[in-house]
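Participant: Sequence first, then the predicted structure:
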Amino acid sequence: MPELRFDNRVVIVTGAGNGLGRSHALQFADRGARVVVNDTGGSGAGEGGDRATADRVVDEIVAAGGEAVASHDSVTEGDRIVQCALDNFGQVDVLINNAGILRDRSFHKMTEEDWDQVYNVHVKGAFRVTHAAWPHLREQQYGRVVFTASAAGIYGNFGQANYAMAKLGLHGLAQTLALEGAGRNILVNTIAPIAASRLTATIMPADMLEQLQPGFVSPLVLKLCHENHEGSGGLYEAGAGWIGALRWERSRGHGFPVEEAPTAEAIAAEWDQITNFDNADHPASGQEAITAIMANLQNRGGSRGA
Ligand SMILES: NC(=O)c1ccc[n+]([C@@H]2O[C@H](COP(=O)([O-])OP(=O)(O)OC[C@H]3O[C@@H](n4cnc5c(N)ncnc54)[C@H](O)[C@@H]3O)[C@@H](O)[C@H]2O)c1
């Protein structure tokens, strides 16, 4: 397998001053990319700012012989980050939406501000940067975009209602952009990483964190963003060197006769069948998903049954 290189590519990594983003930026630069290292340098909850956070990573890249420039704007000012790439490198090819904050609290204690701040950075921020980059990717008929989701979004996590909402929302966005970008060679994928960082420092035991290095996740990001990569709209979990793909699974379900709406009692009577995952389907598109519903339009007098 030849080395996956990024020579002549310009990569934006948001939240690249720490943790996973820093690791992605270092690895892209090491493979020849010119990198925009974006970070506000705020706290884990998104308060304050420190320009040195992004500057330090740029210094590291330059010291290692790479090319990088710092962007200190918040992702909520996404157009400025894209402009930074254009001003310094004349183009943008790859965008890694990685910036993130936490405002963990159980739902009954969560304030509207906790909700809004997490939404603003993760969802609105990723929207703003991607929306600003999108016309350039379309015009040059090339782009690679990665969104950063989380197991909390996929499976739920106590105390993270705001974060879980934001993280699974990003996958919904990614799946749609994968469709809209397909005709112009723009691939859009989502990762759900696990790694030691200041965001996980308080929720995982120290000895486990020591082994969960961000550097074990970044190679997946590089693979998804290489010019030879083909898949789009995917969701991948990664951590500690393990990488897996996720997809939707749907039971075969039960088709009730279409002449009249099923009663709640009729649904209760078929509940075992409705929730039985034997021989489950894996619809990969909205079109595939709706086939079962459309087929049931022919189910007159219960002719199609289960
Ligand atoms: N570490 C994990 O196990 C894990 C698990 C699931 C998802 N994630 C996600 O991975 C991403 C990176 O997290 P991390 O663990 O490396 O955390 P981290 O705190 O080390 O890094 C996040 C970076 O984003 C920056 N940032 C925050 N708000 C910003 C803004 N408005 N504009 C620009 N930069 C901003 C921070 O300053 C910080 O440097 C996040 O989206 C996080 O939700 C991490």
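Facilitator: Noted; the coordinates are in hand.

Participant: how about the residues of the stretch 1-150 of the chain that lie near the ligand?
Facilitator: 14-15, 17-21, 38-42, 44, 46, 53, 74-76, 98-101, 121, 125, 148, 150 (CB under 6 Å from any ligand atom). Just so you know, the C-beta spots here come from the backbone N, C-alpha and C atoms, and that holds for glycine as well.

Participant: residues of the strand or helix carrying Glu288 that come out buried?
Facilitator: Here Glu288, judged by DSSP states H and E, is contained in helix 286-295. Along helix 286-295, no position meets the burial threshold by neighbour count (16 or more other CB atoms under 10 Å).

Participant: Report the distance from that helix to the chain centre.
Facilitator: Put simply, helix 286-295 sits 26 Å off its chain's centre (CA atoms, centre = their mean, to the nearest Å).

Participant: How about residues contacting it?
Facilitator: By CB atoms under 8 Å, 6 or more residues apart in numbering, the surrounding residues in contact with helix 286-295 are 250, 253, 255, 281, 283, 304.

Participant: Determine which two of those residues are furthest apart.
Facilitator: Farthest pair in the contacts of helix 286-295 (CB to CB) is Pro283 and Arg304. Separation: 18.3 Å.

Participant: Summarise which helices and strands the helix or strand containing Thr130 is packed against.
Facilitator: Using DSSP H and E, Thr130 sits in helix 125-140. Using 3 or more CB pairs under 8 Å, 6 or more residues apart in numbering; DSSP states H and E, the elements in contact with helix 125-140 are helix 78-89, strand 94-97, strand 143-148, helix 161-181, strand 186-193.

Participant: list the buried ones in stretch 173-193?
Facilitator: Within stretch 173-193, the residues scored as buried using 16+ other CB under 10 Å are 173-175, 177-178, 181, 186-193.

Participant: The ligand: which of those residues is nearest?
Facilitator: Pro193 (5.0 Å; CB to the nearest ligand atom).

Participant: For Glu249, list the residues it contacts.
Facilitator: For Glu249, the contact set (CB under 8 Å, 6+ apart) comprises 277, 280-282.

Participant: what's the spacing between it and Tyr236?
Facilitator: Glu249 sits at a distance of 16 Å from Tyr236 (criterion: CB to CB, to the nearest Å).

Participant: Quick one, grab the pLDDT at the closest residue to Thr148 other than its chain neighbours.
Facilitator: The shortest distance from Thr148 to any non-neighbouring residue, by CB to CB, 6 or more residues apart in numbering, is to Asn98 (4.9 Å). For Asn98, the model assigns a pLDDT of 98.

Participant: Contacts only, for Asn98.
Facilitator: Counting by CB under 8 Å, 6+ apart, Asn98 touches 13-16, 20-21, 24, 146, 148.

Participant: Residue of the stretch 201-306 of the chain closest to the ligand, please.
Facilitator: Distance from the ligand to each residue of the stretch 201-306 of the chain (CB to the nearest ligand atom) is smallest for Pro214, at 6.2 Å.

Participant: thinking that residue is in contact with Ile194, fair?
Facilitator: No. Counting by CB atoms under 8 Å, Pro214 does not reach Ile194; the two are 9.9 Å apart.

Participant: List phi and psi for the residue in the stretch 151-300 of the chain positioned nearest to the ligand.
Facilitator: The stretch 151-300 of the chain approaches the ligand most closely through Ser197 (3.1 Å), counting by CB to the nearest ligand atom. Phi and psi for Ser197, reported as degrees, to the nearest 10, are phi -160, psi 180.

Participant: Then the one 3 residues further on?
Facilitator: For Thr200, the backbone dihedrals are phi -100, psi 0 (criterion: degrees, to the nearest 10).

Participant: How much space separates it from Leu212?
Facilitator: Counting by CB to CB, the gap from Thr200 to Leu212 is 8 Å.

Participant: And His226, by the same measure?
Facilitator: As judged by CB to CB, His226 and Leu212 stand 24 Å apart.

Participant: Can you show me the helices along the stretch 201-306 of the chain?
Facilitator: With helices called from DSSP state H, counting those that start in this stretch, the stretch 201-306 of the chain shows them at 206-211, 218-225, 264-269, 271-274, 286-295.

Participant: Please convert those helices to TSV, extending it with distance to Gly66.
Facilitator: Output for those, formatted as TSV (distance: least, CB to CB, whole Å):
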stretch	distance to Gly66
helix 206-211	27
helix 218-225	14
helix 264-269	59
helix 271-274	55
helix 286-295	41
